[in-house]
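>>> Give me the fold of what follows.
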Amino acid sequence: MITLDWLAVTTFKSLREIRIQFPASGAVLIEGANESGKSTLFECIYFGLYGTGLVTEDNRRSLESLIMYGEESARVCLGLRTGDQTLEITRTIRRGKPTTASLSVTTVGAVPERITAVREVNRRIIEELGGLDGTALLNSCFVEQKRLGKLEELAAGERRDSLLRILNLDKLSQLENQYRVRQADEVAVRQLADQAAAARARHEEAVLRAQVTQLRAALDRQNRGLKLEAANRRVVELRAITDSIARLERLRHVDAQRGAAPRRADLQERQREVGVLLGRRPRIIVVGLAGVAVLLLATLGALAAGSPVAAFAAGTLLLGLSAVVIYTLVRTSSRIETARAESLQLSRAVRQADLESERLRVELGLAPEADIEHALGAANRAQGAAEHELAQLRNDLAASPLIGDGGDPEGKAVTVTAETLEAAEERLRELVAQVRHLSVTVRDPEPLADAEHLEREHARALRDLEVRRHAGEILAEARWRMVDRVLPETERNMSMILPLLTAGRYFHARITEDYRIDLWDEAAGRYVGKNVYSGGTKDQISLALRLAFAIASLPQEMGSSPGFLFMDEPLSSFDEERTGALVELITRGELAAIFPQIFLISHSRSFDPGSFPFVLRMENGGIGYTTLGQDPVLR
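Got it, this is the predicted structure:
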């Protein structure tokens, strides 16, 4: 809870030099003549907290009007307590110079923190006060009698706005009205949606028409490509068939050569001749060796017999026989080699023909026993069919010209099917129907020029509309929750305060839906409007309502509530009995239990000042008499 500790003021408005030490608890009577500075005390406290005055000259926000006439500066020092913290605030105003401020925050058991930047001082004070700003302070613990006196005389809307201002909800109500979604707003968003849809449909229609044309051209080109591929395949097949025919004819020639009888007879004759000659050569050798041996023996015998002529003749025969044998052997070997070479050549030729025939059959896929003539006939027929189909494809390509280029702009291969083209044409028909339908509501063609811009505008408008609708709902809910909380509490508080201020005549009051105050009249047996009562009773009801609002609207949800209450001249229309009741309420009653520090500003003499434990009499901008301490410790 926030309580005041001390106050020191120098040349602030009509106050020249005062020092006050506030009591921790208790009611303080502040009295004095008019213009003695009674109300200025509260403005000093307000200025110390928030750095601004309540009222300046000509309602301007110049702080120099707070300086006492004839002085160059004004100074306010204020000490207060918030829980376990002590705040010491000093603010100084100098003519023609910036305002200065300092704040010292002291927490029990911690080193004091000092701040001197004005903006940071203001921010830190509100933070330390739990968010309690100047408006909340004025609406909770500064009671002016006349503030609610005119409430019932206003129109219903003005009464509502007035009470909302008292509860600090007027800005909330203004925001609620600002964010309210009206029918014209929804119509405008729907119009934007139709314009965006029409623009998008027309744009998509134009794009799709071009795409359909390209698809048709691409499909035509694709079909031509397929036919070209088929023609190329037929050319390749025709070449393969022609090659197969050439191989078959070669195979027929090879097989004809393999089956020729003369070649195989020659091979057999050469092989037989080699066999004969190989059989003859050993006999030649044996016979030749035998003749040589006989002639050798004859020669040796003639020599032994001493017949040189016989030996010479035998020797001559031996040499002749040897030459004949050698010649016969050489010639026979030569014939054998020749026959072998011819046999080998013939064998190789036959083998080569066999291998070529086998290779050709493998390449052609013919079995060894397959009929070559039958295969050759089938190949000739296939060749004729391929040539006919190729001629037909070439005629088709020549008879079907291209529609457009149909090329892909990025050079990528694109596969187009008849189903793709049909789907695109169906979508195009839908878009044409949509444009025709939207043209009934969207008649201005200009906004349709930029579909993306309209879509962004529609999205923004729709988003803004939803934000406004949601914000309005939140604001309305917040406002009604606050009102629903404050008004019932206010009625309960009035039931507590009314009997005291009206000498037990009235006990119950209610605040109607149009924010009028009705009192329960026992004599009438019903709730009666305030306007039927006397002026004094009206003031008492208004004061009861203001006090009830002050209690109910304490900003406890901010984390800190004020523990002091200022009441400025509430007794002007009170008689002695009701004045005594109010003094009792302030000094020892329910208000004293709720607010530790209560300050009553009054110049009325209808009550005993001794009822107050503390008195402060103001005279000519200073303290004429007080039971409060006047020498606060200024740090």
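>>> Any idea how far apart the tips of stretch 516-528 sit?
10 Å (CA to CA, to the nearest Å).
>>> what about that stretch, average pLDDT?
Throughout stretch 516-528, pLDDT has a mean value of 82.
>>> buried residues in that stretch?
Judged by neighbour count using 16 or more other CB atoms under 10 Å, the buried positions of stretch 516-528 are 516-521. From N, CA and C alone the C-beta is placed, and that goes for glycine too.
>>> With distance to Arg335 and secondary structure as added columns, please give those in JSON lines.
Formatted as JSON lines, the buried residues of stretch 516-528 follow (distance: CB to CB, whole Å; DSSP: H, G, I helix; E, B strand; the rest coil):
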{"residue": "Arg516", "distance to Arg335": "156", "secondary structure": "coil"}
{"residue": "Ile517", "distance to Arg335": "157", "secondary structure": "strand"}
{"residue": "Asp518", "distance to Arg335": "158", "secondary structure": "strand"}
{"residue": "Leu519", "distance to Arg335": "163", "secondary structure": "strand"}
{"residue": "Trp520", "distance to Arg335": "162", "secondary structure": "strand"}
{"residue": "Asp521", "distance to Arg335": "167", "secondary structure": "strand"}
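>>> of all those residues, which comes closest to Glu584?
Leu519 (21.0 Å; CB to CB).
>>> Just give me the closest of the buried residues of stretch 516-528 to Gln345.
Arg516 (140.6 Å).
>>> The closest one and Val532 touch, don't they?
No. Between Arg516 and Val532 there is no contact under CB atoms under 8 Å: 11.9 Å.
>>> burial count for Ala424?
The tally of other residues near Ala424 (other CB atoms under 10 Å) stands at 18.
>>> hang on, the earlier thing: tabulate the buried residues of stretch 516-528 (JSON lines), appending distance to Gly315.
Shown next, in JSON lines, are the buried residues of stretch 516-528 (distance: CB to CB, whole Å):
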{"residue": "Arg516", "distance to Gly315": "181"}
{"residue": "Ile517", "distance to Gly315": "182"}
{"residue": "Asp518", "distance to Gly315": "184"}
{"residue": "Leu519", "distance to Gly315": "187"}
{"residue": "Trp520", "distance to Gly315": "187"}
{"residue": "Asp521", "distance to Gly315": "192"}
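>>> Go through those and name the one nearest Ile115.
Ile517 (44.9 Å).
>>> pretty sure that closest one contacts Lys530?
Yes. Look at Ile517 against Lys530 with CB under 8 Å: they come within range, at 4.8 Å.
>>> Next, the contact list for the residue nearest to Ser25 when sequence neighbours are not counted, please.
Spatial nearest neighbour of Ser25, excluding adjacent residues (CB to CB, 6 or more residues apart in numbering): Pro596 at 4.1 Å. Taking CB atoms under 8 Å, 6 or more residues apart in numbering, we find Pro596 in contact with 1, 3, 24-26, 563-564.
>>> so of these, which ones are in strands?
Among those, the residues falling in strands (DSSP state E) are 3, 26, 564.
>>> Using the three-state scheme, assign Val181.
coil (DSSP: H, G, I helix; E, B strand; the rest coil).
>>> The nearest residue to it once chain neighbours are set aside: helix or strand, and which one exactly?
Closest residue to Val181 apart from its sequence neighbours, by CB to CB, 6+ apart: Arg469 at 4.7 Å. Arg469 is part of helix 451-501, with elements assigned from DSSP states H and E.
>>> other SSEs contacting that helix?
helix 170-179, helix 183-258, strand 509-511, helix 535-552, helix 576-587 (3 or more CB pairs under 8 Å, 6 or more residues apart in numbering; DSSP states H and E).
>>> hmm, try it at 10 Å
Contacts defined by 3 or more CB pairs under 10 Å, 6 or more residues apart in numbering; DSSP states H and E place helix 451-501 against helix 156-166, helix 170-179, helix 183-258, strand 509-511, strand 517-521, helix 535-552, helix 576-587, helix 590-594.
>>> For Pro570, grab phi and psi.
Dihedral pair for Pro570: phi -90, psi 0, per degrees, to the nearest 10.
>>> what's the neighbour count on it?
Quick note: Pro570 (other CB under 10 Å) scores 25 neighbours.
>>> Tell me the spacing between it and Ala210.
Distance from Pro570 to Ala210, counting by CB to CB, to the nearest Å: 83 Å.
>>> wait, Ser611 sits on Glu584?
Yes. Look at Ser611 against Glu584 with CB atoms under 10 Å: they come within range, at 7.8 Å.
>>> and which of the buried residues of stretch 516-528 is nearest Pro308?
Arg516 (190.6 Å).
>>> what's the spacing between that closest one and Val143?
Per CB to CB, Arg516 is found 21 Å from Val143.
>>> By mean pLDDT, which helix or strand of the protein comes out lowest?
Least confident helix or strand of the chain, by mean pLDDT, DSSP states H and E, is helix 156-166 with a mean of 59.
>>> Run through the stretch 451-600 of the chain and note the low-pLDDT ranges.
479-485, 513-515, 553-560, 573 (pLDDT under 70).
>>> Contact partners for Thr90?
8, 48, 75-79, 100-104, 116, 121, 634-635 (CB atoms under 10 Å, 6 or more residues apart in numbering).
>>> Now that we have those, which of them are buried?
So, by 16+ other CB under 10 Å, the buried ones in the contacts of Thr90 are 8, 48, 75-79, 100-104, 121.
>>> from those, which single one is nearest Glu35?
Val76 (19.4 Å).
>>> Give me the nearest residue to the closest one, chain neighbours excluded.
Gly48 is the one closest to Val76 (CB to CB, 6+ apart), at 4.6 Å.
>>> measure the one you found to Ile285 for me?
From Gly48 to Ile285 the distance is 155 Å (CB to CB).
>>> How about Ser73?
160 Å.
>>> Repeat that for Ala552.
For Ala552, the distance to Ile285 equals 155 Å [CB to CB].
>>> between those two, who's got more neighbours?
Neighbour tally, Ala552 and Ile285, criterion other CB under 10 Å: the higher count belongs to Ala552, 19 against 14.
>>> Tell me who's in contact with the more buried one.
By CB under 10 Å, 6+ apart, the neighbours of Ala552 are 140, 167, 485-494.
>>> nearest to Arg234, of those residues?
Arg485 (92.5 Å).
>>> give me every residue that touches the residue nearest to Val76.
Residues near Gly48 by CB under 10 Å, 6+ apart: 4, 7-9, 12, 76-80, 87-91, 101, 125.
>>> Identify the residues contacting the closest residue to Phe142 other than its chain neighbours.
Distances taken as CB to CB, 6+ apart place Phe566 nearest to Phe142, at 4.9 Å, with adjacent residues excluded. Listed by CB under 10 Å, 6+ apart, the contact set of Phe566 reads 28, 30, 39, 41-42, 45-46, 137-138, 141-144, 550, 595, 597-601.
>>> if I've got this straight, Phe566 is in a strand?
Yes. Looking at Phe566 with three-state DSSP, it is inside a strand.
>>> so it bridges to which residues?
With DSSP bridges as the criterion, Phe566 is bridged to Phe142, Phe599.
>>> ok, it to Leu226 distance?
97 Å.
>>> repeat for Gly320
Note on Gly320: its distance to Leu226, by CB to CB, is 94 Å.
>>> returning to what we had before: ok, now which ones touch the residue nearest to Val181?
Arg469 touches 179-181, 185-186, counting by CB under 10 Å, 6+ apart.
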